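K.L.:
coordinates for the following, if possible.
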Amino acid sequence: MKKILMVLMLIGLGAVVATAGSGVGIYGSYFNADDPGPGFGGGIKFKTDLSEYFGVEARASCITQFDEDDTDDGVYLIPLEAGLLFNLPLQDSPLNLYGGGGIGYAIIPEADDVDLDDEICFYAVAGVEFSLSDSASLFAEAQYRVLEVDGAEVDDYGEVDLDDEKVDFSGFGINAGLLFRF
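P.N.:
Below you'll find the model as predicted:
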């Protein structure tokens, strides 16, 4: 059910992307999760402006190389997120400040025969966009993600309840990249 809901949200956002002020961005990520520690990765985001001050976005990332990861396979975090943005254009300046938040679905693939449950996550973001031209911008943003995993499936043992021992992937992150507008 969660996966169907996320797919429907992304399709709905995809229908809006065809409007003016839309763009697609690629970025590098640093994410400092509470339990697995800092990790690195990258992502892609789709952004469209609904008005001068409001917009929507959909983003997908892949974060790995966590410091506290002692598995042979490596832990990957793949959040698929969608949210609302508030834009604050600065008069004649090429800078645009923005902030917002949203909801997502975090996929955590199996590592070393342990399959952590995929979970719903929430995020808040604040950033700055520097316009290079009408069709390209650089951006940098800070993001806080709330994500706790409380179940897992282990090969040879089946479903395992982690009781009160949740794996906490919540934490701050930094994304920086290039946004292409069309």
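K.L.:
just to check, F40 is in contact with A33?
P.N.:
No: under the criterion of C-beta atoms under 8 Å, F40 lies out of contact with A33, with a separation of 11.6 Å. For the C-beta atoms, the positions are set from N, CA and C on the backbone; glycine is no exception.
K.L.:
the two - which one has more neighbours?
P.N.:
The neighbour comparison of F40 against A33 (other C-beta atoms under 10 Å) goes to A33, with 23 against 13.
K.L.:
for that one, name its beta-bridge partners.
P.N.:
Per DSSP bridges, the residues bridged to A33 are G37, G171.
K.L.:
could I get the pLDDT score of it?
P.N.:
Residue-level confidence at A33 comes out at 91, pLDDT.
K.L.:
and the gap between it and P89?
P.N.:
33 Å (C-beta to C-beta, to the nearest Å).
K.L.:
let me know the helix or strand that G74 is in.
P.N.:
Here G74 is covered by no helix or strand, with elements defined by DSSP states H and E.
K.L.:
tell me the contacts of it?
P.N.:
Shown in contact with G74 (C-beta atoms under 8 Å, 6 or more residues apart in numbering): 64-65, 111.
K.L.:
could you check how far it is from F86?
P.N.:
Counting by C-beta to C-beta, the separation of G74 from F86 is 36 Å.
K.L.:
with F40 instead?
P.N.:
28 Å.
K.L.:
what do you get for D34?
P.N.:
For D34, the distance to F86 (C-beta to C-beta) stands at 27 Å.
K.L.:
same deal with I26?
P.N.:
The gap separating I26 from F86 is 23 Å, by C-beta to C-beta.
K.L.:
repeat for V167
P.N.:
Using C-beta to C-beta, which is the criterion applied here, V167 is 32 Å from F86.
K.L.:
also E57?
P.N.:
Taking C-beta to C-beta as the criterion, E57 is separated from F86 by 12 Å.
K.L.:
which one's more surrounded, those two?
P.N.:
When E57 and F86 are compared for neighbours, E57 comes out ahead with 21 against 13, by other C-beta under 10 Å.
K.L.:
and the helix or strand hosting the more buried one, what's its mean pLDDT?
P.N.:
Under the assignment given by DSSP H and E, the secondary-structure element containing E57 is strand 54-64. Per-residue confidence for strand 54-64 averages out to 96 on the pLDDT scale.
K.L.:
where along this structure do the helices fall?
P.N.:
Assigned by DSSP state H, the helices in the chain fall at 2-16.
K.L.:
for P94, what are its contacts?
P.N.:
Listed by C-beta under 8 Å, 6+ apart, the contact partners of P94 are 130-132.
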